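S.K.: make a model of this:
(chains A and B)
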Amino acid sequence: MTAPYTPSQTPGPYFHVGMLDVFFRSSDQPGSAAVHLTGQVVDGDGAPVTDALLEIWQLASARAGEATIVRAVTDAGGEYELWTAKPHGGSGAGAAVDAPHLDVVLVAGGVQRHLVTRMYFPDEAAANAQDPVLSRVDPARRATLVAISRGAELRFDIRLQGPGETVFFDV
Amino acid sequence: MTTDPFTTGRRYAKADADVHPQLLFPSYPASIRRAPSLAPVAIEPSATELTPAPTPPGWPVGGDDLTVSGPSVPIGERIIVAGRVLDADGAPVPGALVEIWQANAAGRYVHDADRRDAPLDPGFTGSGRCVTDQAGAYRFVTIRPGAYPGRSHHNAWRPPHIHFSVIGRVLLTRLVTQMYFPHDPLLDLDPIVLAVPEAVRSRLVAQLALDVAVPDVALGYRFDLVLRGEDATPAARA
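M.R.: Numbers count the residues shown, from 1 in each chain, chains lettered A, B, ... in the order given. Sure, this is the predicted structure:
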């Protein structure tokens, strides 16, 4: 039996008109506790995806039982930039413990259903090694899910297709 | 009362390939270099995907009438689009953030990337938002959008449509879609529509609804949005 859901559709290239980021900016301003995240979204040719919206979904650090959303859009170079708080690790499926991570929902023109991936922290190697989600991923592809430290920034590129393709999840 | 699906142990059915469009759909060329080539990795939801994200405080009210967004009255056919956000069991989803965006009556968006030679309308920005009430209901007053040229093939025209984004509390129920108008012959020619399995395409088409219309003011359309719901057989997934 077919599930009764409404089908997804691409947001098209003009989604900035409707999916505003202004109310989904993190209140965590640049500071010692904040995560400054940048990255580039590219397509199967390595060309920048200039019309992507990233929604970071994460457990709120301050209030238990709430998630927070931070939005960012890519620019003419396919680059995005955002600040957020680093989440704590949480309870995963079963008895396993998730390493700290950000879920990334990617919406873009030409992408007919939003994609879901995760960003893990490069300074959490021990926790990452135990993470129940990372452990489901081909070891050769796990690096696509771990940000790279670059000075005070974290860098997390997303490749939609082709060599080095980012791991996306069916969750 | 707890509505936190994580603490109540609700389960969500997997995204259904029989419902959503194929990510790679060559007659929609924009999908060709953006569709992942590898299958997504199946995982069990964790707290990150199951914890509600409340609508941000300070979200403006009054964003549901797109005909009062500019200094003048917008040109075009005023319409009301109303409906409910439901889960797969038919239960209302209150507190969902519904965002819409659309072209004006001439088929032009207020967007730097839309350089088409069609008039902008100072009375219309094409951007609206509201939060569903306790019955899961939303309602927008807007202008019927015009068709505009698509990029998929020569002489392609996108059927008039309104884009919808729904944040229904948790990540797993996220939905971005488009609403179309009934009896539009362009629906049979549009690759973005045709990418959806035929059996469920009609779910993207609003219904003419005189009970939504306001006499002498605006014609009405009803469009319900059904979000991914609880898994009917959670034991089978354990």
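
S.K.: quick one, strands of the chain?
M.R.: I'll assume chain A. Using DSSP state E, the strands of chain A run over A:34-42, A:52-59, A:67-73, A:79-85, A:101-108, A:115-120, A:148-150, A:153-155, A:158-159, A:169-170.

S.K.: meant chain B, my bad for not saying
M.R.: Under DSSP E, chain B gives strands at B:41-42, B:78-86, B:97-101, B:127-131, B:137-143, B:148-149, B:157-158, B:161-167, B:175-180, B:207-208, B:219-222, B:225-226.

S.K.: any chance of CSV for the strands of chain A, columns mean pLDDT and distance to chain B?
M.R.: C-beta coordinates here come from the backbone N, C-alpha and C atoms, glycine included. Compiled in CSV, the strands of chain A are given as follows (pLDDT from 0 to 100; distance: least, CB to the nearest CB, whole Å):
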stretch, mean pLDDT, distance to chain B
strand A:34-42, 94, 9
strand A:52-59, 93, 5
strand A:67-73, 90, 4
strand A:79-85, 92, 13
strand A:101-108, 97, 5
strand A:115-120, 98, 7
strand A:148-150, 97, 21
strand A:153-155, 96, 17
strand A:158-159, 98, 9
strand A:169-170, 94, 4
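
S.K.: tabulate the strands of chain B (CSV), appending mean neighbour count.
M.R.: Formatted as CSV, the strands of chain B follow (neighbours: other CB atoms under 10 Å in any protein chain shown):
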stretch, mean neighbour count
strand B:41-42, 14
strand B:78-86, 22
strand B:97-101, 24
strand B:127-131, 21
strand B:137-143, 21
strand B:148-149, 16
strand B:157-158, 20
strand B:161-167, 25
strand B:175-180, 24
strand B:207-208, 14
strand B:219-222, 19
strand B:225-226, 22
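
S.K.: please state the offset of stretch B:204-221 from the chain centre?
M.R.: 17 Å (CA atoms, centre = their mean, to the nearest Å).

S.K.: export that stretch as CSV, just CAs?
M.R.: Extracted in CSV, the C-alpha atoms of stretch B:204-221 (Å, rounded to 0.1, in the frame of the first residue of the first chain):
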residue,chain,number,x,y,z
LEU,B,204,0.1,17.9,-5.5
VAL,B,205,-3.1,19.4,-7.0
ALA,B,206,-5.3,21.7,-5.0
GLN,B,207,-9.1,21.4,-5.1
LEU,B,208,-11.4,24.2,-5.9
ALA,B,209,-13.3,24.9,-2.6
LEU,B,210,-16.2,27.3,-2.5
ASP,B,211,-16.2,26.9,1.3
VAL,B,212,-12.7,28.4,1.3
ALA,B,213,-13.7,31.2,-1.1
VAL,B,214,-15.1,34.5,0.2
PRO,B,215,-18.0,35.8,-1.9
ASP,B,216,-17.1,38.9,-4.0
VAL,B,217,-13.6,38.8,-2.7
ALA,B,218,-11.5,35.7,-3.6
LEU,B,219,-11.9,32.2,-5.0
GLY,B,220,-10.7,29.4,-2.8
TYR,B,221,-8.6,26.3,-3.1
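
S.K.: quick one: mean pLDDT over it.
M.R.: For stretch B:204-221, mean pLDDT rounds to 97.

S.K.: can you redo the strands of chain A as TSV with mean neighbour count?
M.R.: Formatted as TSV, the strands of chain A follow (neighbours: other CB under 10 Å):
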stretch	mean neighbour count
strand A:34-42	21
strand A:52-59	25
strand A:67-73	23
strand A:79-85	19
strand A:101-108	24
strand A:115-120	23
strand A:148-150	11
strand A:153-155	17
strand A:158-159	21
strand A:169-170	16
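
S.K.: bridging residues for residue A:73?
M.R.: Following DSSP bridges, residue A:73 is listed with bridge partners residue A:53.

S.K.: list the contacts of it.
M.R.: Applying CB atoms under 8 Å, 6 or more residues apart in numbering or on different chains, one finds that residue A:73 lies in contact with A:16, A:21, A:51, A:52, A:53, A:54, A:80.

S.K.: for the residue lying closest to residue A:161 once chain neighbours are set aside, list the residues it contacts.
M.R.: Excluding the flanking residues, the one nearest residue A:161 by CB to CB, 6 or more residues apart in numbering or on different chains is residue A:44, at 3.3 Å. Neighbour list for residue A:44: A:160, A:161, A:162, B:32, B:33, B:34, B:37 [criterion: CB under 8 Å, 6+ apart].

S.K.: and the gap between the fifth one and residue B:82?
M.R.: The span separating residue B:33 from residue B:82 equals 38 Å under the rule CB to CB, to the nearest Å.

S.K.: tally of neighbours for the residue in chain A that chain B sits nearest to?
M.R.: Nearest residue of chain A to chain B: residue A:18, at 2.7 Å (CB to the nearest CB). Number of residues near residue A:18 (other CB atoms under 10 Å in any protein chain shown) recorded here: 24.

S.K.: returning to that earlier point: JSON lines please, covering the strands of chain B and showing distance to chain A.
M.R.: Output for the strands of chain B, formatted as JSON lines (distance: least, CB to the nearest CB, whole Å):
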{"stretch": "strand B:41-42", "distance to chain A": "5"}
{"stretch": "strand B:78-86", "distance to chain A": "9"}
{"stretch": "strand B:97-101", "distance to chain A": "3"}
{"stretch": "strand B:127-131", "distance to chain A": "5"}
{"stretch": "strand B:137-143", "distance to chain A": "11"}
{"stretch": "strand B:148-149", "distance to chain A": "10"}
{"stretch": "strand B:157-158", "distance to chain A": "9"}
{"stretch": "strand B:161-167", "distance to chain A": "5"}
{"stretch": "strand B:175-180", "distance to chain A": "4"}
{"stretch": "strand B:207-208", "distance to chain A": "14"}
{"stretch": "strand B:219-222", "distance to chain A": "13"}
{"stretch": "strand B:225-226", "distance to chain A": "5"}
